[in-house]
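*Asks:* let's see this in three dimensions:
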Amino acid sequence: MEQLLTRRRFLELAAKGVAASALGSSILSTAGSLAEASVKRKDGKPNILYILNDHQAFYGHGTYGGPRISRPNFERLAAGGVEFTRAYCASPLCGPSRRTMLTGLFPHNHGEIKNDVNHAYDREVYLDILADNGYANYYFGKWHAGPGTAKDHHSQGFSYPSYNNPYTKPEYKDYLKKKNLPDFEVRIERSFMCSKEDAEKARKDNPDAPRAAVPGETYRCHGAWCNPHVTGVMTSPEETHEAIFLANLACEQLKNLASSGSDQPWSMRVDFWGPHAPYFASQRFRDLYDPARIPEYPSFKDDLSGKPELYKSEHNWPLNKGGKIIHPNPLPWSEWQKALSLHYAQISLIDHAGGMILDMLDKLGLADDTLVIWSTDHGDAVACHGGHFDKDGYMPEEMLRIPMAVRWPGKIKPKQKISGLVSNIDLAPTFLDAAEAGFSKPVDGQSLLPLCTGKSKQWRDDIMCETHGHYRNQAGRMVATDRYKYIWNDDDLEELYDLKTDPYEMKNLIKSTEHRDVLKHMRERLAKWQQKSGDNPMSPDSYYQKMKISRVADQLPLKLSRNGKNVSIKLKLGDVPGAK
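*Replies:* Got it, this is the predicted structure:
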């Protein structure tokens, strides 16, 4: 590959999904010789690579007109195997969903029901099982799945507790020094946290605090967490972005593995912090998305009539008054266009970073022996249902639907699109199935491999998701089929939608007399999922009720007892309100 790339040449290569930045080119420059040193194993167990984006706007975005979101590397991975077009998360919140991906369990079973609950790891984790079955584990990126880090689960790499901030870590500083790069920096365009005047006042009141993100000023991520609700364009080189840093760590580790001569199987996770807010991207990716061409999101002007009260929950500035979303939205659509253009740009930048890793697999001759899955922990409510930013305990498709692609050369046929209802409860069982291992006790998910390989023609015809709230405590359960979607909300209005005729969920059919039979049927489906998975959020023994009792409602962060035990519950259909 060329050592120096012109901008025109880069864009030509990027369109084919094979481009790398100048940094990526230097990484790949020695890969050809290393490929000759890589060893092909004879045991049939694949290497396992899991690439995970964080909190990504996926459902609806880039599909209803205007610019299509550029993800050439995700798409080439999908073209080499399976793209799941109806993939859901187990829960629309980082901590619960990330623990699910480690355990194959719904949050009501693994205990990490909200962010930073820090419920003890009292159920099996697939990383530990892989290690017990001869795998070397590597983990680079965000953890946020409960107490400790990936290093507590037989993994080497870059992992720090909770959400954290990669830009403050010594490994990142070493990376900058090695590559002769400046510190990461952006120019802030918009803040959803406070007004410019309030930010300046806070700075005067507490000058020793990390520098606030003020529109029009440059900003560096030096806080304990890197998640301010702001947008901005990078003023430092693209290679200073956390995603490129993590991709570089992963690529260097792949080179070490290829040159080691070892036939030990390995697993690797690369967990990007983005495209979760802050929406930060380089100018060249921002240039892909002209804000003026982004059409108004279909549910942006939703007045939330017929919706549960929980949809009114909003905590970002200037979108709320007293914790409730303002209608009509106080920001004109032209301002949302600018914010979305940077979110889309960051999605494309992270796709590029993931592409660097895929390129390295190819260059090292490792791709044929590696199962690769690329997905997201959950979605993003940005701009939907009245114009939200971030998320809360509501469960529209924008929050629940996720991209998911699987490739395993020689085992999974390429160019498949599967519309079966899958979830990230299925990922850990899939990893272990490929490794010819498994959990010692039943879990809620099931391996995707029979579905991917065509060995199983039968698959589930509905899927459940759950929430225990975010800014507020809120128990909710969702079940979806190929057409309908039902949501039970504790102490709030139920929801029923026809996704075929109403894909953006603008009309709640819960009171429709024409849909009484559908509603009864969907309630029964949910009750069966709850019975099968031992779920009853109203039980005093449930993690949800223990949380409500042990903590003042709506206090964040919430903590649970570390001695909590899983509870086996037998449910009847009547345990779900209205089910018969």
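
*Asks:* mind listing the helices for the stretch 51-200 of the chain?
*Replies:* Using DSSP state H, counting those that start in this stretch, the helices found in the stretch 51-200 of the chain span residues 72-79, 94-103, 107-110, 126-132, 170-179, 196-205.

*Asks:* these: which one's closest to residue 364?
*Replies:* Nearest of the helices of the stretch 51-200 of the chain to residue 364, taken as C-beta to C-beta: helix 72-79 at 16.4 Å. No exception for glycine: its C-beta is placed from N, CA and C like everyone else's.

*Asks:* for that closest one, buried residues please.
*Replies:* 72, 73, 74, 76, 77, 78, 79 (16 or more other C-beta atoms under 10 Å).

*Asks:* and stretch 284-291, by the same measure?
*Replies:* Going by neighbour count (16+ other C-beta under 10 Å), the buried part of stretch 284-291 is 284, 285, 286, 288, 289, 291.

*Asks:* what sits against residue 509?
*Replies:* Neighbour list for residue 509: 496, 497, 498, 515, 518, 519 [criterion: C-beta atoms under 8 Å, 6 or more residues apart in numbering].

*Asks:* now do the SS call for the last one.
*Replies:* Using DSSP: H, G, I helix; E, B strand; the rest coil, the structure places residue 519 in helix.

*Asks:* how about the helices in the stretch 201-350 of the chain?
*Replies:* Under DSSP H, counting those that start in this stretch, the stretch 201-350 of the chain gives helices at 242-260, 283-286, 333-363.

*Asks:* could you point out which element follows the longest one?
*Replies:* Going back to what we said before, that points to helix 333-363. On the C-terminal side of helix 333-363, the closest following helix or strand by DSSP states H and E is strand 370-376.

*Asks:* okay, and for the stretch 251-400 of the chain, where does confidence drop off?
*Replies:* By pLDDT under 70, the stretch 251-400 of the chain has no low-scoring segment.

*Asks:* will you turn the buried residues of helix 72-79 into TSV that also has distance to residue 193 and pLDDT?
*Replies:* Formatted as TSV, the buried residues of helix 72-79 follow (distance: C-beta to C-beta, whole Å; pLDDT from 0 to 100):
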residue	distance to residue 193	pLDDT
72	33	98
73	32	98
74	30	98
76	37	98
77	35	98
78	36	98
79	40	98
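
*Asks:* any idea how far apart the tips of stretch 166-173 sit?
*Replies:* The first residue of stretch 166-173 is 10 Å away from its last residue (C-alpha to C-alpha, to the nearest Å).

*Asks:* what's the answer for stretch 383-403, then?
*Replies:* End-to-end distance for stretch 383-403: 19 Å, by C-alpha to C-alpha.

*Asks:* and for stretch 353-373?
*Replies:* End-to-end span of stretch 353-373 (C-alpha to C-alpha): 15 Å.

*Asks:* list the buried ones in it?
*Replies:* Within stretch 353-373, the residues scored as buried using 16+ other C-beta under 10 Å are 353-361, 363-367, 369-373.

*Asks:* how about the strands in the stretch 351-500 of the chain?
*Replies:* Along the stretch 351-500 of the chain, the stretches classed as strands by DSSP state E, counting those that start in this stretch are 370-376, 401-402, 404-407, 416-418, 422-423, 463-469, 473-480, 484-489, 495-498.

*Asks:* average pLDDT across the last one?
*Replies:* Okay, so that is strand 495-498. The average pLDDT within strand 495-498 is 98.

*Asks:* what strands flank that strand, and is each parallel or antiparallel?
*Replies:* Sheet neighbours of strand 495-498, with direction, are listed as strand 484-489 (antiparallel) (DSSP bridges).

*Asks:* what's the angle between the strand it pairs with and strand 463-469?
*Replies:* Calculated by axes from the mean of the first three to the mean of the last three C-alpha atoms, to 10 degrees, strand 484-489 forms an angle of 30 degrees with strand 463-469.

*Asks:* tell me the angle of strand 484-489 relative to strand 473-480?
*Replies:* Using the same axes, to 10 degrees: strand 484-489 against strand 473-480 is 160 degrees.

*Asks:* gap between strand 484-489 and the chain center?
*Replies:* Per C-alpha atoms, centre = their mean, to the nearest Å, the displacement of strand 484-489 from the mean C-alpha position of its chain is 22 Å.
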